[in-house]
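# predicted structure and sequence below. I'll ask about it afterward.
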Amino acid sequence: MQKNDLTYTKAASKLEKIVEDIEANRYNIDELSEKVKESVELIAFLRTKLKETDAEIEKLITKL
């Protein structure tokens, strides 16, 4: 999945799936490192998206 196609919902779902798979021990040690790295990137994306959305909502509210 390309970053351009990534939405908050898709990123959250993907992160949830990775966490479920980690908890169920579905990754070998080689895959685990890569999945943790991917999770960190997804979390950063989600945080940024939340901050941007919060700022946009605040801006809209101030216009009222």
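In hand now; what should we look at?
# quick one: contacts for the residue nearest to residue 15 when sequence neighbours are not counted?
Ranked by Cβ to Cβ, 6 or more residues apart in numbering and with sequence neighbours excluded, the top spatial neighbour of residue 15 is residue 42, at 4.4 Å. For glycine as for every other residue, the C-beta is placed from the backbone atoms N, C-alpha and C. Listed by Cβ atoms under 8 Å, 6 or more residues apart in numbering, the contact partners of residue 42 are 11, 14-15, 18.
# can you tell me how far the most centrally placed residue in the chain is from residue 55?
The residue lying closest to the centre of the chain (Cα atoms, centre = their mean) is residue 42, at 3.2 Å. Note on residue 42: its distance to residue 55, by Cβ to Cβ, to the nearest Å, is 21 Å.
# please apply the same query to residue 49.
11 Å.
# equivalent analysis for residue 28, please.
In terms of Cβ to Cβ, residue 28 sits 41 Å off from residue 55.
# how about residue 6, phi and psi?
Backbone geometry at residue 6, expressed as degrees, to the nearest 10, gives phi -80, psi 130.
# my bad, residue 5
Note on residue 5: its backbone torsions stand at phi -90, psi -10 [degrees, to the nearest 10].
# please apply the same query to the one 3 residues further on.
With angles defined as degrees, to the nearest 10, residue 8 sits at phi -60, psi -50.
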